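[1] I need the structure of the sequence given here:
(2 chains)
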Amino acid sequence: MVDSVHIASWNVNSIRARQERVASWLEQHRPDVLCLQETKVPDDIFPVEPFRTAGYDLALYGQKGYNGVAIASRVGLDDVRRGFDDGGDEGGARLVGARAGGVQVYSVYVPNGQFVGSRQWDEKLLWFDRLRALLQGRHGAGEHIAVAGDFNVAPEERDVHDPEFWKRQVLFHPQARAALARLCEDRLVDTFRLHHEAGGLYSWWDYRGPSLARNLGLRIDLLLASPPLARVCTAASIDREARGGKLPSDHAPILADFRL
DNA sequence: ATGGTTGCTTAGCAA
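    Numbering: from 1, shown residues only, chains lettered A, B, ... in the order given. Purely as a prediction, here's the structure:
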């Protein structure tokens, strides 16, 4: 009987490039569930062995070259659902859901948006509303739901090293922040902010330039919980250490613990 | 939206 569940999420920027690093991280942290984004690989050649060896089942929704999401679980994995089922264009493999450890889990990779005013920008803003509709259509208010992933939006000024610059960019534009806020309002809670007040705590640092050394980052990776699940969230963190070393992803893993 | 780096794919795109 599971009485607690530890959920993690990590944009790995290619699971094939990162598989040894992810495998050792799994052995070290042993989360019950790990949501992955930017796996960048079709399902038939996803490197499943390191996960099986570590005791994890996988729900895969990938594609060639870009995007790709997955859920790894060692506490059961049922009712896997890939993508939206709203009849609209999927716009890439960016969403997979499953039941794991008594929680309804979603791994999400929100479109980056390219630049403000682009076609991809419009798709990004729309994507939040599609996700909101999907969650409202599939789930009731009392359920334990975790929506984890790379949202490609920092929620607040304290989540951005230079808000004045970034508010004109896709990752912190007022319209993107508003779209995220609409998704969340009264439905999803940012678990990190239940346990940390400080600014300067980021989950992504650009590969280019001295961003990591100078902590020029943004907190765009989020683990959102429905209110009933948020009420039993006992801890949340960002594993900044995993952003270091040789050939890291440009994102750090994020984690949250729940007592069920 | 311009630079810098990384990954997928092998010249150029996406992030």
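
[2] how about the strands in the stretch 51-200 of chain A?
    Along the stretch 51-200 of chain A, counting by DSSP state E, counting those that start in this stretch, strands occupy A:57-61, A:69-73, A:78-82, A:95-100, A:103-109, A:145-150, A:189-190.

[3] I'd like these laid out as JSON lines, including distance to A:Ala236 and mean pLDDT.
    Backbone N, C-alpha and C define where each C-beta goes, glycine included. Converted to JSON lines, the strands of the stretch 51-200 of chain A look like this (distance: least, CB to CB, whole Å; pLDDT from 0 to 100):
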{"stretch": "strand A:57-61", "distance to A:Ala236": "23", "mean pLDDT": "98"}
{"stretch": "strand A:69-73", "distance to A:Ala236": "19", "mean pLDDT": "98"}
{"stretch": "strand A:78-82", "distance to A:Ala236": "25", "mean pLDDT": "97"}
{"stretch": "strand A:95-100", "distance to A:Ala236": "18", "mean pLDDT": "98"}
{"stretch": "strand A:103-109", "distance to A:Ala236": "15", "mean pLDDT": "98"}
{"stretch": "strand A:145-150", "distance to A:Ala236": "11", "mean pLDDT": "98"}
{"stretch": "strand A:189-190", "distance to A:Ala236": "9", "mean pLDDT": "98"}
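
[4] nearest to A:Ala242, of those?
    strand A:145-150 (14.7 Å; CB to CB).

[5] run the chain-centre distance for that closest one.
    Distance, stretch centre to chain centre, for strand A:145-150: 5 Å (CA atoms, centre = their mean, to the nearest Å).

[6] could you dump the strands of the stretch 51-200 of chain A to TSV with mean neighbour count and distance to A:Ala256?
    Below are the strands of the stretch 51-200 of chain A laid out as TSV (neighbours: other CB atoms under 10 Å; distance: least, CB to CB, whole Å):
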stretch	mean neighbour count	distance to A:Ala256
strand A:57-61	21	19
strand A:69-73	27	15
strand A:78-82	14	21
strand A:95-100	24	14
strand A:103-109	24	11
strand A:145-150	26	8
strand A:189-190	19	10
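
[7] redo those strands as CSV? Include distance to DNA strand B.
    Formatted as CSV, those follow (distance: least, CB to the nearest atom of the strand, whole Å):
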stretch, distance to DNA strand B
strand A:57-61, 15
strand A:69-73, 13
strand A:78-82, 18
strand A:95-100, 14
strand A:103-109, 8
strand A:145-150, 8
strand A:189-190, 20
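
[8] save those as a markdown table, and put in distance to A:Pro42 too.
    Formatted as a markdown table, these follow (distance: least, CB to CB, whole Å):
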| stretch | distance to A:Pro42 |
| --- | --- |
| strand A:57-61 | 9 |
| strand A:69-73 | 12 |
| strand A:78-82 | 13 |
| strand A:95-100 | 14 |
| strand A:103-109 | 16 |
| strand A:145-150 | 20 |
| strand A:189-190 | 32 |
